[in-house]
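> 3D, please:
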Amino acid sequence: MSVDDMKYHCLLVAILAFSPTGCDQSDTAIVAKVDMAVSDSSDQTEHATRHCFVLCREIEPGDQSRAADSVRRVFGPQYSAEISDDDIVTVTRGDDTVGFLAHVPAPIPGDEVADCADGNVLWPNGRDEAAKHRSHVIVTNFGGEGQSPIESAIVVSQLALVALDAFDGIGVYWGNGSVCNSREVFESFCDDISEEHLPAPMWLRIQLVRAANDELGVYTLGMSQFGLMDIEVDRCAMSPRELVEFVSNLAHYLIQSGPVIADGNTVGGSEEERILVRHHPSMIEPDRQVYKVVFER
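Predicted structure coming up:
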């Protein structure tokens, strides 16, 4: 299994900022929000991402005049931005509407955003920072129904990049992945976004948990966006950085290739490496099947 280089330098930031006791109450709340219908669905686009949310520090939307430049930089010179009086930016290509950026002068209600930022190894102080947002932008891919899940996720990510710049955002809440990332990390991972370079950690929650004997485990949330089961490791001797990188690579491979790993297949980063993968119940939701990666002890 080989995957194009990703921006894993972002993993260097405070990678030990995870729950020391496994799944806590916030983990349970997050899991409850996840749609459990996954890869056995005949419609692979049913759960594809069409929306995300950009968090903003100020209530007022600020100067959106740079939206046009942002659109051309992110999408290309053939794209343009139309700004309405009600703080909505419409991204177009000729006569076709690509998407909308709608500013809402209020924070996202409740603790949903803070919970989804909590424990994110890529945003170690994410819970506190995300809780500071005072308004948000609803990012919508208008033409998503005619696209594959990957195509739609890419467009939503590109629209989010525009919104971060145009509305001076501080982070991105990707609801279908139950994950919230900082502006800096999101922009870095999505800088060269394409179907060959997928920013999987921006689309998925990759949650480290403590296992026995100083070992680590991990689970993902959000693979259902692509008609796939989530990935879990009950225990292994990898370092936190190695484990997150391994799972990110495996997720990238599956998102690109589809549900090609059968129960009992093996994966590895080289011809010699053979790591068993089973289709087993989830550690956090036993009624849900996942790709359970089994490392030898």
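> burial of Q289, as a residue count?
19 (other Cβ atoms under 10 Å). Any C-beta I mention is one placed from the backbone N, CA and C, and that applies to glycine too.
> That one is in contact with V277, isn't it?
No: look at Q289 against V277 with Cβ atoms under 8 Å: they stay out of range, at 12.0 Å.
> Quick check: phi and psi on the residue nearest the centre of the chain?
Residue closest to the average C-alpha location in the chain (Cα atoms, centre = their mean): W203, at 1.5 Å. W203 has phi and psi values of phi -100, psi -10 when expressed as degrees, to the nearest 10.
> check contacts around it.
If you count contacts by Cβ atoms under 8 Å, 6 or more residues apart in numbering, W203 has them with 49, 153, 157, 174, 176-177, 179, 222, 225.
> Out of those, who's the most crowded?
Using other Cβ under 10 Å as the neighbour test, the contacts of W203 are led by A153, with 29 neighbours.
> Listing partners with orientation, what would you give for the biggest strand by length in the chain?
The residue-count maximum for a strand in the chain (DSSP state E) belongs to strand 96-104. Strand 96-104 sits in its sheet next to strand 88-93 (antiparallel), strand 135-141 (antiparallel), going by DSSP bridges.
> Distance to I170 and mean pLDDT added to these, as JSON lines?
Output for those, formatted as JSON lines (distance: least, Cβ to Cβ, whole Å; pLDDT from 0 to 100):
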{"stretch": "strand 88-93", "distance to I170": "18", "mean pLDDT": "97"}
{"stretch": "strand 135-141", "distance to I170": "10", "mean pLDDT": "98"}
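> from these, which stretch is densest packed?
Comparing the strands paired with strand 96-104 by mean neighbour count (mean count of other Cβ atoms under 10 Å), strand 135-141 ranks first with a mean of 23.
> Show residues contacting that strand.
49-56, 58-61, 98-108, 147, 152, 155-156, 159-160, 163, 167, 169, 173.
> Go ahead and build a ChimeraX selection from the buried members of the residues you listed.
Provided next is the ChimeraX selection string for whichever of the contacts of strand 135-141 are buried by 16 or more other Cβ atoms under 10 Å:
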select :49,50,51,52,53,54,55,56,61,98,99,100,101,102,103,107,108,147,152,155,156,159,160,163,167,169,173
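> now, which of the contacts of strand 135-141 lie within strands?
51-56, 98-104, 169, 173.
> For stretch 176-183, what does the pLDDT average out to?
On average, the pLDDT along stretch 176-183 is 98.
> what's the answer for stretch 150-167, then?
For stretch 150-167, the per-residue pLDDT averages 98.
> Can you show me the CA trace of it as CSV?
Taking Å, rounded to 0.1, in the frame of the first residue of the first chain, the C-alpha atoms of stretch 150-167 are listed here in CSV:
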residue,chain,number,x,y,z
ILE,A,150,-14.5,12.5,-2.9
GLU,A,151,-15.3,15.2,-5.5
SER,A,152,-17.9,16.7,-3.1
ALA,A,153,-15.5,16.7,-0.1
ILE,A,154,-12.8,18.4,-2.2
VAL,A,155,-15.2,21.1,-3.3
VAL,A,156,-16.5,21.7,0.3
SER,A,157,-12.9,21.9,1.4
GLN,A,158,-12.1,24.5,-1.3
LEU,A,159,-15.1,26.5,-0.3
ALA,A,160,-14.0,26.4,3.3
LEU,A,161,-10.6,27.7,2.3
VAL,A,162,-12.3,30.7,0.7
ALA,A,163,-14.5,31.2,3.7
LEU,A,164,-11.5,31.1,6.1
ASP,A,165,-9.9,34.0,4.2
ALA,A,166,-13.0,36.0,3.3
PHE,A,167,-14.5,35.9,6.8
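> quick one: strands adjacent to the helix or strand where G217 lies?
Per DSSP states H and E, G217 falls inside strand 216-221. Taking DSSP bridges as the criterion, strand 216-221 forms sheet pairs with strand 205-210 (antiparallel), strand 231-236 (antiparallel).
> Check what contacts it and list those residues.
Counting by Cβ under 8 Å, 6+ apart, residues outside strand 216-221 touching it are 22, 30-31, 34, 177-179, 204-211, 230-238, 240, 243-244, 247, 251, 282-284, 290.
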